[in-house]
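Visitor: Show me how the following folds:
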Amino acid sequence: MSNRSDFNAEKEATFRKLLRSATSEAWTYFDPKYPGVIVPSHLKQSKVCVLQWGLKMEVPVRHFVISAEAVSGLLVFRGMWESCFVPWEAIDRMQGAYGANDTWFSHSGRAAGEPEAPMAKVIDMQTWARAKVAKMLRG
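Guide: Numbering: from 1, shown residues only. This next block holds a predicted model:
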């Protein structure tokens, strides 16, 4: 990439591509402490924040905007609508539903597609959810 705007354009294009996929959703992984990020205060304490954005979600994203600077909209957290604004620079990774179309973004000389940490793991959300329910049933 020749400059920051090219880098943002790559992320925006990837995000739009995920929204055009069969599931019409995109999961963004980012640092909630990055300058300009707006998320609910309880998420600001995390090292990595994950938000699900989609066109056909059960509870639709309100005021959904995809711009050259960021993705933003109102999402539901704990039953309350909360404003979210995530600049493209803050996003390290995107994926479609349950790990489909997983894409990493380079920030410092790493090749795009290479995980942030050597032991980084892609989580299959469907398997994770099943395991969580099974654990709850076991008591």
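
Visitor: For the residue lying closest to Phe77 once chain neighbours are set aside, which residues are in contact?
Guide: Of all residues beyond its chain neighbours, the one nearest Phe77 is Pro40 (5.1 Å), with distances taken as Cβ to Cβ, 6 or more residues apart in numbering. To be clear about C-beta, it is placed using only N, CA and C from the backbone, and glycine gets the same treatment. Residues in contact with Pro40, defined by Cβ atoms under 8 Å, 6 or more residues apart in numbering, are 77, 82, 84.

Visitor: what's the closest of these to His63?
Guide: Nearest to His63, judged by Cβ to Cβ, of the contacts of Pro40 is Cys84 at 9.9 Å.

Visitor: I figured the closest one hits Leu75, correct?
Guide: Yes: counting by Cβ atoms under 8 Å, Cys84 touches Leu75, with 5.3 Å between them.

Visitor: Please enumerate the shared neighbours of the two.
Guide: Common neighbours of Cys84 and Leu75, counting by Cβ under 8 Å, 6+ apart, are Leu51.

Visitor: Quick check: the gap between Gly96 and Asp102.
Guide: Using Cβ to Cβ, to the nearest Å, we find Gly96 at a distance of 8 Å from Asp102.

Visitor: neighbour count winner among the two?
Guide: Relative neighbour count places Gly96 above the other of Gly96 and Asp102, with 20 against 14, counting by other Cβ atoms under 10 Å.

Visitor: From Gly54, how far off is the more buried one?
Guide: Plainly put, Gly96 is 10 Å away from Gly54 if you go by Cβ to Cβ.

Visitor: what's the overlap in contacts for the two?
Guide: Taking Cβ under 8 Å, 6+ apart as the contact rule, Gly96 and Gly54 both touch 23, 25-26.

Visitor: Turn those residues into CSV, columns for neighbour count and secondary structure.
Guide: What follows is these, written out as CSV (neighbours: other Cβ atoms under 10 Å; DSSP: H, G, I helix; E, B strand; the rest coil):
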residue, neighbour count, secondary structure
Thr23, 16, coil
Glu25, 20, strand
Ala26, 26, strand
